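>>> Coordinates only, no sequence provided:
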């Protein structure tokens, strides 16, 4: 019997954008950054978490992404 785990983070099989938006906006709000609407999250979903976060950070981008990658 074959077993498989499928990861679909770009919305090909399942519309994961609403969940990604909730998680992204929770973190952005917690650190005082603007939240993104669902349309923006859909556009960014397949580009990776780092790009999604960088697109929301207006100040201290390099420092913030280094902290994100380190964790």
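Yep, it's here. Worth saying up front: this structure is predicted, and the values here are computed from it rather than measured. Numbering: from 1, shown residues only.

>>> so where's the longest helix in the chain?
Scanning the chain for the helix with the most residues, using DSSP state H, yields helix 17-30.

>>> Moving C-terminal from that helix, which element do we reach first?
As assigned by DSSP states H and E, the chain's next helix or strand after helix 17-30 is helix 38-44.

>>> what's the closest non-adjacent residue to residue 51?
Take residue 51 and drop its neighbours on the chain: the residue closest to it by Cβ to Cβ, 6 or more residues apart in numbering is residue 44, 6.2 Å away. The way it works is simple: take the backbone N, C-alpha and C, and place the C-beta from them, glycine included.

>>> Check whether that neighbour really touches residue 52, as I assumed.
Yes: shown here, residue 44 and residue 52 form a contact pair, counting by Cβ atoms under 8 Å, at 4.6 Å.

>>> Now do the buried residues in the helix or strand hosting residue 54.
Residue 54 belongs to helix 49-56 when assigned by DSSP H and E. Under the neighbour-count criterion of 16 or more other Cβ atoms under 10 Å, helix 49-56 has 52, 53, 54, 55, 56 buried.

>>> how near is the fourth one to residue 5?
Using Cβ to Cβ, to the nearest Å, we find residue 55 at a distance of 28 Å from residue 5.

>>> what about this structure, any weak spots by pLDDT?
Residue ranges of the chain with pLDDT under 70: 9-11, 58-71.

>>> check contacts around the residue nearest to residue 51.
Applying Cβ atoms under 8 Å, 6 or more residues apart in numbering to residue 44 gives the contacts 36, 51, 52, 55.

>>> quick one: which of these is nearest residue 13?
residue 52 (19.2 Å; Cβ to Cβ).

>>> isn't the closest one right up against residue 23?
No: look at residue 52 against residue 23 with Cβ under 8 Å: they stay out of range, at 9.8 Å.

>>> okay, and the common contacts of those two?
Between them, residue 52 and residue 23 share no contacting residue under Cβ under 8 Å, 6+ apart.
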